[in-house]
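Asker: got a structure for you, letters missing:
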Ligand code: NDP
Ligand code: OXD
């Protein structure tokens, strides 16, 4: 550990113990700085760090986000001007791809209907449609969106993708920017949201947007799946869209307020499938080693990987 920069681990919302133990195998780790600023701390590993905690570190060199998303880092109004590295990892991508496939297939194969039928012991087979009849539209064609798109095309769905800048992806119809949004939505039956939360995307999944989704005869309505961030969506608009038939069903992993308040009508809504921000977990068993490797490489003068574009916000 001698000569290696110290790490501040600042995590709120879950127990940091496993991260602490695994990072400590290679470097000295401070859980929360008490007392005067520690000039030997060079790295911060964070999830929703306490606001202001990083600004106190005079020799902070790099901030590592425990997640792929970094809105939780930017929520700190006193964020130091050092590089922010986010998670890009096969393990996390695999989890998200599994989640998207699971939810798309469940809606496509009418899981909600069959679960409701089973509780009433109803033996009824509704009409089926092949995957190739369904267009899944992915908002956000980044690391996670591209992997989900590949998996969905492999199953046979028609896949559309929407991103900020033009992208090309084999077998995927791509749209970009403000001009591409409505054409993308008009060609989408099942909407999958894998966007980062930025100033440009906050509240984007609102009633007006959901109204633009395609509702083709025979499908019974369009579907929303959000595993990006809760503040991309307006919970109340989703409820309105479900209740007036604009949406047939929704799978929501993220919510405007997390944990989802017990009073939220989303919990008991018969058309909503709720998971507790669990689509793709950040597992230290897979993420600590690459973080430590980046610190070592950085100390040898190498470049950092997966650095966030502060201006774009992701
Ligand atoms: P990336 O940064 O790799 O990709 C982001 C994508 O969103 C890019 O295609 C980008 O466009 C697009 N985008 C960003 N801003 C806009 C905009 N204003 N208009 C249109 N498109 C936009 O992120 P990841 O794929 O790694 O992760 C996506 C998000 O998933 C994370 O930010 C996080 O919020 C969420 N997440 C959720 C998890 C969960 O468990 N629920 C787990 C992990 C991540 P362009 O290609 O042009 O840059
Ligand atoms: C992430 C998350 O951003 O887990 O990685 O939400």
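Answerer: On my side now, so go ahead. For clarity, every value in this text was computed on a predicted model and none was experimentally measured. Ligands and ions are numbered 1, 2, ... in the order given.

Asker: show me where the stretch 151-300 of the chain has strands.
Answerer: Secondary structure of the stretch 151-300 of the chain by DSSP state E, counting those that start in this stretch: the strands cover 158-163, 172-176, 190-193, 222-226, 247-252, 272-274.

Asker: for the third one, packing partners?
Answerer: The helices and strands touching strand 190-193, judged by 3 or more Cβ pairs under 8 Å, 6 or more residues apart in numbering; DSSP states H and E, are helix 90-108, strand 135-139, strand 222-226. For every residue, glycine as well, the C-beta is placed using N, CA and C.

Asker: residue closest to the middle of this structure?
Answerer: Centroid-nearest residue in the chain: residue 228, 3.2 Å away (criterion: Cα atoms, centre = their mean).

Asker: pretty sure residue 225 is touching residue 194, no?
Answerer: No. Counting by Cβ atoms under 8 Å, residue 225 sits too far from residue 194 to count as a contact (9.1 Å).

Asker: count the residues that sit near the residue of the chain found nearest ligand 1.
Answerer: Across the chain, the shortest distance to ligand 1 (Cβ to the nearest ligand atom) belongs to residue 142, at 1.7 Å. As a burial measure, residue 142 scores 17 neighbours (other Cβ atoms under 10 Å).

Asker: was I right to think residue 149 contacts residue 159?
Answerer: Yes. Between residue 149 and residue 159 there is a contact under Cβ under 8 Å: 5.0 Å.

Asker: shared neighbours of the two, anything?
Answerer: 138, 171, 172 (Cβ atoms under 8 Å, 6 or more residues apart in numbering).

Asker: ok, the second one touching residue 159?
Answerer: It stands for residue 171. Yes. Counting by Cβ under 8 Å, residue 171 does reach residue 159; the two are 6.8 Å apart.

Asker: which of these two has more residues huddled nearby?
Answerer: residue 159 (28 against 11).

Asker: list the contacts for that one?
Answerer: 135, 136, 137, 138, 149, 152, 153, 171, 172, 173.

Asker: from ligand 2, how far off is it?
Answerer: 22 Å (Cβ to the nearest ligand atom, to the nearest Å).

Asker: which residues does that residue form beta bridges with?
Answerer: Listed beta-bridge partners, residue 159: residue 136, residue 172 (assigned using DSSP bridges).

Asker: got a pLDDT number for it?
Answerer: pLDDT for residue 159: 98.

Asker: dump the residue contacts of the nearest residue to residue 86 once chain neighbours are set aside.
Answerer: In space, and not counting its chain neighbours, residue 86 is closest to residue 65: 4.7 Å by Cβ to Cβ, 6 or more residues apart in numbering. Shown in contact with residue 65 (Cβ under 8 Å, 6+ apart): 46, 47, 72, 73, 84, 85, 86, 87, 308.

Asker: of those residues, closest to residue 215?
Answerer: Residue 215 has its nearest neighbour among the contacts of residue 65 in residue 72, at 34.9 Å by Cβ to Cβ.

Asker: grab the nearest non-local neighbour of the closest one.
Answerer: residue 48 (4.4 Å).

Asker: around ligand 1, pick out the residues from this structure.
Answerer: 67-69, 92, 96, 140-145, 162-165, 167, 194-198, 200-201, 227-229, 253-254, 277, 279-280, 314 (Cβ under 6 Å from any ligand atom).

Asker: and with 5 Å instead?
Answerer: 68-69, 140-144, 163-165, 194-196, 200-201, 227-229, 253, 279-280, 314 (Cβ under 5 Å from any ligand atom).

Asker: doesn't residue 114 belong to a helix?
Answerer: Yes. Applying DSSP: H, G, I helix; E, B strand; the rest coil, one finds residue 114 inside a helix.

Asker: okay, now it: neighbour count?
Answerer: Based on other Cβ under 10 Å, the number of other residues close to residue 114 is 14.

Asker: can you give me the separation between it and residue 126?
Answerer: 9 Å (Cβ to Cβ, to the nearest Å).
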